[in-house]
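A.B. asks: Sequence plus predicted model, see below.
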Amino acid sequence: MTSTAPPAPAQPATPGAGDVPTWLPLAAVGTTLLLWASAFVAIRHLGQDFSAGPLSLGRLLVGAAVPFVLGGQQVLARLVTVPVGWLALLVAMIAVCWNLNAWRLRLMLNGRAPGLGHGAAVATVMATEFTLNATPGGSGAPFTLAALLRRHGVAPAQATAVLAVDQLTDLLVFAA
């Protein structure tokens, strides 16, 4: 005997699944790569007329504008829904981690960088981490750390070894 039961209702679509056109992520990646590559040319050209502060602010503004250009008003609407307490907690966690990494850097150097106070160590850690995240494969981080620690008398080979130990320690901690 055959059943004449009505078919089961279809599963509801995931909310927001159809909101983003398929070309938008590709456009975001392409725009990011184009702006990243052209930034070197612009910085080299503008570096003679502007100091590092205004150049950094300009890069930050351009980088922050890309999601708004590609996502429109939806980006701002979604950003407003993030609780301020979460953002404050995120910023506080970042500050704590930068300070912990600065203390770890000074501990790994073990007195090999005379005059490297905590403020300079935090600035070194911040610059190295920004470079690690802003360059392909983190390739700029060893050069940044070596250059900044060279100012405090640390040989480039020692600075690179410190970065390698730092990265391997992070790998072991986060892989466990």
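C.D. replies: That came through, no problem.

A.B. asks: Downstream of the helix or strand of the chain with the lowest mean pLDDT, the next helix or strand is which one?
C.D. replies: Within the chain, no helix or strand scores below helix 23-46, which has a mean of 75 by mean pLDDT, DSSP states H and E. Scanning forward in sequence from helix 23-46 by DSSP states H and E, the next helix or strand is helix 52-71.

A.B. asks: in that following helix, what counts as buried?
C.D. replies: 55, 59, 67, 71 (16 or more other CB atoms under 10 Å). To be clear about C-beta, it is placed using only N, CA and C from the backbone, and glycine gets the same treatment.

A.B. asks: and the angle from the least confident helix or strand of the chain to helix 52-71?
C.D. replies: 160 degrees (axes from the mean of the first three to the mean of the last three CA atoms, to 10 degrees).

A.B. asks: where does this structure dip in pLDDT?
C.D. replies: 1-18, 35-36, 39-40, 176 (pLDDT under 70).

A.B. asks: in which helix or strand would I find the residue nearest the centre of it?
C.D. replies: The centroid of the chain falls nearest to residue 133 when counting by CA atoms, centre = their mean (4.7 Å). Here residue 133, judged by DSSP H and E, is contained in helix 118-134.
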